[in-house]
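Student: Sharing a model prediction with you, sequence too.
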Amino acid sequence: MFASISGPRRPSPPRAARHARRLAVLATAAAALAATGLAVAATPSSAAACNGYVGLTFDDGPTGSTNTLLSVLRANNVRATMFNVGQNVQGNPSAARAQVDAGMWVANHSWNHAHMTSMNQSQMQSDLSQTNSAIQSATGVRPQLFRPPYGETNSTLQSVAASLGLRQVIWDVDSQDWNGASVSQIVSNAGRLQDGQVILMHDGIQNTRDAIPQIMANLNSRGLCPGMISPSTGRAVAPDGTPPPTTAPPTGSPTTPPPGGGCTATATFPNVWGDRYNTSVTVQGASNWTVVVAVTAPQRVSTTWNGTASWDSTGYVMTMRSNGSGNTFGFTTMMNGNSSARPQIRSCTAG
Ligand SMILES: [Zn+2]
């Protein structure tokens, strides 16, 4: 049944008829799933038109099963927002990085899930900034969203969050997964989501993971797609840019070799996605080299390869040294809302 949806698009029927048929098939599939409790491995979210967006959120990670959750999300073409606990990030930075690598947005859910309304202002400040630092150091991404544990907040907490550049996000729909909800109850709760709304779910719960294929089938049948949560409005919106990867033409310009420096570094941008892009830097004139590259805030480098990277105190200036992997190194930069800026090569020195 699903092959006819996710397979190659048939050229013949008019668009409206095709769309109606697709919706009908999806609705039937969703009903069948709800009746039988069967899960599907993948749903054709890319095949459905998006009439609106919803924010799927997973709290309290990373956990020991974050990678399993990420596999389910990827298999279902879901991008979600992960409200991470700072202490968990510090204890499992690779899982936090895996969230970003899987296309998820990472956000702040406090340092250790305390009842923050009983804290004073300076305790709130240190809790949230410590969490931001842990997330940023693990993932290269600075959080822009904050969800208070238990949804408990007050005006002091909101103003502290705002002073750290964090938008408070609670939820519109509670999946009740934390409260022992069954898979079908979680699916049913998610069925209440409307355009722009956000649902609370959790990392580390099997029923939640098992519900995702059916949640996605239901959302798709209603023309709703998983979106990002806007840091300015707290509402679910389309992800930055357009989903399909595009290839940008090489636009790099060579640096002028510094006096006595003896190498030239040229940057190209072979891959550009909606929220990130890759930079490839080729060095000529030296086999042992040091290249200094600066990115523009709020962009952040999330991954590097074929070199040894170190950072200045701002986190925006990267020094890359050759490590025997050849003369071309690369890195991925998260746009974080700035899709136009590209890194600048500041210097290339030999040795
Ligand atoms: Zn929580």
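Tutor: It's in.
Student: What residue in the protein comes nearest to the ion?
Tutor: Of all residues in the chain, the one sitting closest to the ion is Asp59 (4.0 Å; CB to the ion). C-beta: built from backbone N, CA, C; applies to glycine.
Student: On the three-state scheme, that residue is what?
Tutor: Counting by DSSP: H, G, I helix; E, B strand; the rest coil, the backbone at Asp59 sits in strand.
Student: Verify the stated contact: it with Phe83.
Tutor: Yes. Applying CB atoms under 8 Å, one finds Asp59 in contact with Phe83, separated by 4.4 Å.
Student: okay, and the common contacts of those two?
Tutor: Residues touching both Asp59 and Phe83 by CB atoms under 8 Å, 6 or more residues apart in numbering: His109, Arg147.
Student: Please identify which of the two sits among more neighbours.
Tutor: Higher neighbour count among Asp59 and Phe83: Phe83, with 29 against 22, using other CB atoms under 10 Å.
Student: Checking my notes, that one in a strand, right?
Tutor: Yes. Counting by three-state DSSP, Phe83 is part of a strand.
Student: for the residue lying closest to it once chain neighbours are set aside, phi and psi?
Tutor: Leaving aside its sequence neighbours, Phe83 sits nearest to His109 (CB to CB, 6 or more residues apart in numbering; 3.7 Å). Here is the backbone geometry of His109 (degrees, to the nearest 10): phi -130, psi 30.
Student: One more: Gln136?
Tutor: Here Gln136 shows phi and psi, under degrees, to the nearest 10, equal to phi -70, psi -40.
Student: what sits against the nearest residue to it once chain neighbours are set aside?
Tutor: Nearest residue to Gln136, sequence neighbours excluded (CB to CB, 6+ apart): Arg142, at 5.0 Å. By CB under 8 Å, 6+ apart, Arg142 lies in contact with Asn132, Ile135, Gln136, Gly165, Pro298, Arg300, Asn336.
Student: among those residues, which are in helices?
Tutor: Among those, the ones falling in helices (DSSP state H) are Asn132, Ile135, Gln136.
Student: is it true that Pro148 touches Leu157?
Tutor: Yes. Counting by CB under 8 Å, Leu157 is a contact partner of Pro148 at 6.1 Å.
Student: that older thread, which ones are touching the residue of the chain closest to the ion?
Tutor: Met82, Phe83, His109, Arg147, Leu200, Met201, His202, Asp203.
Student: Let's see that with 10 Å instead.
Tutor: Listed by CB atoms under 10 Å, 6 or more residues apart in numbering, the contact set of Asp59 reads 81-85, 107, 109, 113, 147, 149, 171, 177-178, 200-204.
Student: per-residue confidence at it?
Tutor: Per-residue confidence at Asp59 stands at 98 (pLDDT).
Student: I'd like the distance between Gln144 and Ser230.
Tutor: Going from Gln144 to Ser230 by CB to CB, to the nearest Å gives 9 Å.
Student: and these two? which has more neighbours close in?
Tutor: More crowded of Gln144 and Ser230, by other CB under 10 Å: Gln144, with 23 against 19.
Student: wait, isn't that one in contact with Asn108?
Tutor: Yes. Gln144 is within contact range of Asn108, at 8.7 Å (criterion: CB atoms under 10 Å).
Student: who touches both of these two?
Tutor: The overlap between the contact sets of Gln144 and Asn108 (CB under 10 Å, 6+ apart) consists of Asn132, Leu164, Leu166, Val169.
Student: Relative to Asn218, how far out is the last one?
Tutor: If I follow you right, that is Val169. Counting by CB to CB, the gap from Val169 to Asn218 is 23 Å.
Student: Relative to the whole chain's centre, how far out is the helix or strand where Arg74 lies?
Tutor: Per DSSP states H and E: Arg74 is located in helix 66-75. Relative to its chain's centre, helix 66-75 lies at 13 Å (CA atoms, centre = their mean, to the nearest Å).
Student: What of stretch 268-283?
Tutor: Distance of stretch 268-283 from the chain centroid (CA atoms, centre = their mean) equals 17 Å.
Student: I'd like the average pLDDT over that stretch.
Tutor: pLDDT averaged over stretch 268-283 gives 78.
Student: mind checking the end-to-end distance for that stretch?
Tutor: In stretch 268-283, first residue to last residue: 12 Å (CA to CA, to the nearest Å).
Student: Please apply the same query to stretch 216-231.
Tutor: Terminal residues of stretch 216-231 lie 24 Å apart, using CA to CA.
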